[in-house]
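Colleague: Need a 3D model of the sequence below.
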Amino acid sequence: MNIRRMALAGRWYPYTGEACLKKMNNFLKDDKFGPGEEFVSSEMSDRSIIGGVSPHAGMDYSGPCAIHTYLNIFKEKIPDTIIVIGFDHHQLVKDSLLEEGEWETPLGNLIIDNELAEKILKNSSVLVADNSAFIGRDENSLELQMPFIKFFAGKNDVRIIPVKISSHDYKTIDSISDNISQVIKSSNKDIIVVASSDLYHEDVYNKEDLKKFKENDEKVINDFVNLKPENIINLGLRASVCGKHTISTLLQISNKLGAKEGKLLKHYTSAEITDKFGYCVGYFSGIIYS
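Modeller: So this is what the prediction gives:
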């Protein structure tokens, strides 16, 4: 069996299950950057959330932000499968997915939804199965999402499909989105889509710089809330938003599934976490409702 091993544990996030569990619970209790509430699943009969955005920096930086997205998803209902859309910071890979096997986390392995992955591959003219694109390098966009999913899944059999998007071409992203949305529509499973992305990356030297930095972040967030995927791509190509194509893919999938609105959950920067100026990264979490 193919097992995608942890590559960043012990550096970007805790290595042991005990330490990871403690950190997640601390994020939940954090009422400044985190949600400041406990996790209780309502197990509603109907799902109103289509998906969301989650950042992917070192867990001490973006973890309190990321946990908002997963808390809202799992609080509504425990999903059957989460399609996690990421990319590769270090090399150009094919638009691909991990078709089978497991993904290791400190809290236990997550199983790939092979049945659903095969349906996506069968219907797609773009996505391919490529295990080599997911080997255990220092690539954080997908890996930083998995401990959150496993934390909220607990003993429930929540499955995943990791997807890597390299294309920034709007037509290609639309084709991928059309394929994934059709598979979701035809499935009787409760499927959620999560896009992994940070926001702006830039040096800030004072409060005025930070204010302008956050205003740039807010332009992307506004397009997310207003469900405008093409704006995200166009704006992101002119800026340092690393996952503009993952957010755009999520928005296109959501629009094809009848999205009504996006909602901002949390937005802050690394400068606010460290209380220091210098190289700064923006983080936001948000969800999309049908």
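
Colleague: Would you map the strands across the chain?
Modeller: 3-4, 49-54, 81-86, 96-97, 102-103, 110-111, 128-129, 159-164, 191-196, 201-204, 261-269, 278-289 (DSSP state E).

Colleague: Let me have those in CSV, adding distance to Pro14 and mean neighbour count as columns.
Modeller: Using the backbone N, CA and C atoms, a C-beta is placed for each residue, glycine as well. Shown next, in CSV, are those (distance: least, C-beta to C-beta, whole Å; neighbours: other C-beta atoms under 10 Å):
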stretch, distance to Pro14, mean neighbour count
strand 3-4, 18, 16
strand 49-54, 18, 28
strand 81-86, 20, 27
strand 96-97, 27, 26
strand 102-103, 16, 21
strand 110-111, 17, 20
strand 128-129, 31, 14
strand 159-164, 20, 25
strand 191-196, 19, 27
strand 201-204, 25, 16
strand 261-269, 21, 19
strand 278-289, 19, 22
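
Colleague: Put together a markdown table for these, with distance to Asp60 and mean pLDDT on each row.
Modeller: Below are the strands of the chain laid out as a markdown table (distance: least, C-beta to C-beta, whole Å; pLDDT from 0 to 100):
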| stretch | distance to Asp60 | mean pLDDT |
| --- | --- | --- |
| strand 3-4 | 23 | 92 |
| strand 49-54 | 15 | 98 |
| strand 81-86 | 20 | 98 |
| strand 96-97 | 29 | 94 |
| strand 102-103 | 22 | 96 |
| strand 110-111 | 22 | 98 |
| strand 128-129 | 34 | 94 |
| strand 159-164 | 23 | 97 |
| strand 191-196 | 17 | 98 |
| strand 201-204 | 17 | 94 |
| strand 261-269 | 13 | 98 |
| strand 278-289 | 12 | 98 |
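
Colleague: out of those, nearest to Gly36?
Modeller: strand 261-269 (10.8 Å; C-beta to C-beta).

Colleague: Which elements pack onto the closest one?
Modeller: helix 59-76, helix 207-225, strand 278-289 (3 or more C-beta pairs under 8 Å, 6 or more residues apart in numbering; DSSP states H and E).

Colleague: can we see that at 10 Å?
Modeller: Here strand 261-269 touches strand 49-54, helix 59-76, helix 207-225, helix 244-256, strand 278-289, going by 3 or more C-beta pairs under 10 Å, 6 or more residues apart in numbering; DSSP states H and E.

Colleague: I'd like the ones you listed as a markdown table, with distance to Lys23 appended.
Modeller: Output for the helices and strands packed on strand 261-269, formatted as a markdown table (distance: least, C-beta to C-beta, whole Å):
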| stretch | distance to Lys23 |
| --- | --- |
| strand 49-54 | 16 |
| helix 59-76 | 7 |
| helix 207-225 | 25 |
| helix 244-256 | 24 |
| strand 278-289 | 16 |
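
Colleague: Quick one: closest of those to Tyr13.
Modeller: helix 59-76 (4.0 Å).

Colleague: pLDDT of that closest one, averaged?
Modeller: The average pLDDT for helix 59-76 rounds to 98.

Colleague: Flag every buried residue along it.
Modeller: By neighbour count with 16 or more other C-beta atoms under 10 Å, helix 59-76 contains the buried residues 59, 61-76.

Colleague: quick one: average pLDDT of stretch 218-231?
Modeller: For stretch 218-231, the mean confidence score works out to 95.

Colleague: pull the CA atoms of that stretch into CSV?
Modeller: Output of stretch 218-231 as CSV, limited to C-alpha atoms (Å, rounded to 0.1, in the frame of the first residue of the first chain):
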residue,chain,number,x,y,z
GLU,A,218,-8.8,42.1,1.7
LYS,A,219,-9.1,42.5,-2.1
VAL,A,220,-8.7,38.7,-2.4
ILE,A,221,-11.0,38.0,0.5
ASN,A,222,-13.7,40.3,-1.1
ASP,A,223,-13.5,38.3,-4.3
PHE,A,224,-13.8,35.1,-2.3
VAL,A,225,-16.8,36.3,-0.4
ASN,A,226,-18.5,37.5,-3.7
LEU,A,227,-17.6,34.2,-5.4
LYS,A,228,-15.5,35.7,-8.3
PRO,A,229,-12.9,33.0,-9.3
GLU,A,230,-11.6,34.9,-12.4
ASN,A,231,-10.9,38.0,-10.3
